[in-house]
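Student: what would the 3D arrangement of this be:
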Amino acid sequence: MAGQDQNNSNQNGIIDNNEIEPTEQTDENVVEEYIMLDSKLDELNTALDYLEQKNDDIHERLKELLKSNKEIREELRNENTEPTGNN
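Tutor: All right, here's what the predicted structure looks like:
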């Protein structure tokens, strides 16, 4: 029985050694995937920052346009309500 235990240990040792290699490869693959994922997330974050800035710029321009239109309407309204001295 002692010999069988030793053989099982050797077999387990060989199995463990075989399992370590794929695990190391899997760990390397996982690390590479995380690095790639991190890079893609950085790209997406940069793109979203750009879109957010463009959105903010458009919003500011729209507010300026609305303010300008309001001022023009007020001027036109004031011109139409002023008495004309030509009559």
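Student: which residues of the chain score low on pLDDT?
Tutor: 1-23, 84-87 (pLDDT under 70).
Student: can you rerun that using 90?
Tutor: For the chain, residues meeting the criterion pLDDT under 90 lie at 1-28, 80-87.
Student: do a quick rundown of the strands in it.
Tutor: Assigned by DSSP state E, the strands in the chain number zero.
Student: ranges for the helices of it?
Tutor: Secondary structure of the chain by DSSP state H: the helices cover 2-81.
Student: number of residues surrounding residue 56?
Tutor: Look at residue 56: counted by other Cβ atoms under 10 Å, it has 10 neighbours. To be clear about C-beta, it is placed using only N, CA and C from the backbone, and glycine gets the same treatment.
Student: typo on my end, residue 24
Tutor: Residue 24: 10 neighbours (other Cβ under 10 Å).
Student: same check on residue 34?
Tutor: Applying other Cβ under 10 Å, we find 10 residues neighbouring residue 34.
Student: dump stretch 34-54 to PDB, restricted to CA.
Tutor: Coordinates of the C-alpha atoms in stretch 34-54 are reproduced here as PDB (Å, rounded to 0.1, in the frame of the first residue of the first chain):
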ATOM      1  CA  TYR A  34      -7.900  42.700 -18.500                       C
ATOM      2  CA  ILE A  35      -5.200  45.000 -20.100                       C
ATOM      3  CA  MET A  36      -7.100  45.000 -23.400                       C
ATOM      4  CA  LEU A  37     -10.400  45.700 -21.600                       C
ATOM      5  CA  ASP A  38      -8.800  48.500 -19.600                       C
ATOM      6  CA  SER A  39      -7.500  50.000 -22.800                       C
ATOM      7  CA  LYS A  40     -10.900  49.800 -24.400                       C
ATOM      8  CA  LEU A  41     -12.500  51.300 -21.400                       C
ATOM      9  CA  ASP A  42     -10.000  54.200 -21.500                       C
ATOM     10  CA  GLU A  43     -10.900  54.700 -25.200                       C
ATOM     11  CA  LEU A  44     -14.600  54.700 -24.300                       C
ATOM     12  CA  ASN A  45     -14.100  57.100 -21.500                       C
ATOM     13  CA  THR A  46     -12.200  59.500 -23.800                       C
ATOM     14  CA  ALA A  47     -14.900  59.300 -26.400                       C
ATOM     15  CA  LEU A  48     -17.600  59.900 -23.700                       C
ATOM     16  CA  ASP A  49     -15.600  62.900 -22.400                       C
ATOM     17  CA  TYR A  50     -15.400  64.300 -25.900                       C
ATOM     18  CA  LEU A  51     -19.200  63.800 -26.400                       C
ATOM     19  CA  GLU A  52     -20.000  65.400 -23.100                       C
ATOM     20  CA  GLN A  53     -17.800  68.400 -23.900                       C
ATOM     21  CA  LYS A  54     -19.600  68.700 -27.300                       C
END
